[in-house]
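Visitor: Sequence plus predicted model, see below.
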Amino acid sequence: MILEACCKINIGLDVLRRRPDGYHDLETIMVPVRGLYDIVEVERNDNDTAHFTGKGIVIDCADEDNICLKAYRLMRERFGIRGANITLDKRVPFGAGLGGGSSDGTAVIMALNEIFSLNLSEQQLIDLAAELGSDTPFFVRCSPQLCEGRGEIMRPIDIDLEGLWIAIVKPDVSISTREAYAGIRPEIPSTPLSQRVTAPRRHWQECIKNDFEKSIFAAHPDLATIKESLIAAGAVYAAMSGSGSAIFGLFESEASAEAMRSITPYIFKL
């Protein structure tokens, strides 16, 4: 079975409070970018174990940290599935805040559900994906969602993305989750993101923010420069995705987005 594991962007990201368990409560809108995806292929084998093959962007991590293998082990533990061959053609940059790894892990769960005829419900798939990470459940639905809690509490949201193009710039620097949260100062905004996003999108730049930008841009000023260049090129909205380091711009015409082709290959219609 072959799946396209697309990436996501965050339109707005408010860090509301630190929780007793050490995590933070967030409010963010996640939107899939279907033009940029990894290819995940999963098939049964007779070896009663998992075999992983990586292609494309090199994934330099131990097997115990490989999210595709984590997904397999989770499904084997819960449902006693047999062996599987997993091939990942990695195209989504990592360390970018685009959720590529989370999407890959969710794709493996969904593929295993199909090829082993487990007949799991959407909610069961969401609950399983949530055990792999905070933004992983989003990729079960893979449609615009207002995400709360650690990102695992979702509800569909109607957001005006009609006719928009996106340019995603991934600089050489990568931002770790530890670095991103080290500089954060939680704050509950006076108006929830779910209300602010109902404003005409020409006003999003004024009222929708990513709380991680302040400290990360201070430490990595080149990221702020990229955001400014997207706005100068005509982006109706530009921001860092997640905890970075990818910066995206939303454009109302293909020509405006294509003007960024000199600095990024990642230009798609939403």
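Guide: Looks like it came in fine.
Visitor: Please name the spatially closest residue to residue 230 (chain neighbours excluded).
Guide: Leaving aside its chain neighbours, residue 230 sits nearest to residue 249 (3.3 Å; criterion: Cβ to Cβ, 6 or more residues apart in numbering). C-beta here means a position set from N, CA and C on the backbone, and glycine is covered the same way.
Visitor: ok, and what's touching whichever strand or helix holds the one you found?
Guide: Using DSSP states H and E, residue 249 sits in strand 247-251. Residues from elsewhere that reach strand 247-251, judged by Cβ atoms under 8 Å, 6 or more residues apart in numbering: 9, 161, 164-169, 171, 201, 223, 226-227, 230-231, 233-241, 257, 260, 270.
Visitor: likewise stretch 144-156?
Guide: The contact list for stretch 144-156 (Cβ under 8 Å, 6+ apart) reads 23-32, 126, 130, 134-138, 141, 143, 157-159, 161, 193-194.
Visitor: and if you look at stretch 74-88?
Guide: 38-56, 59, 68-69, 72, 104, 108-109, 112-113, 115-116, 118, 128, 131-132.
Visitor: show me what contacts residue 215?
Guide: With contact taken as Cβ under 8 Å, 6+ apart, residue 215 is in contact with 180, 182, 183, 184.
Visitor: nope, residue 143 is what I was after
Guide: By Cβ under 8 Å, 6+ apart, the contact list for residue 143 reads 32, 156.
Visitor: Using the three-state scheme, assign the closest residue to residue 97 other than its chain neighbours.
Guide: Nearest residue to residue 97, sequence neighbours excluded (Cβ to Cβ, 6+ apart): residue 242, at 2.9 Å. Counting by DSSP: H, G, I helix; E, B strand; the rest coil, the backbone at residue 242 sits in coil.
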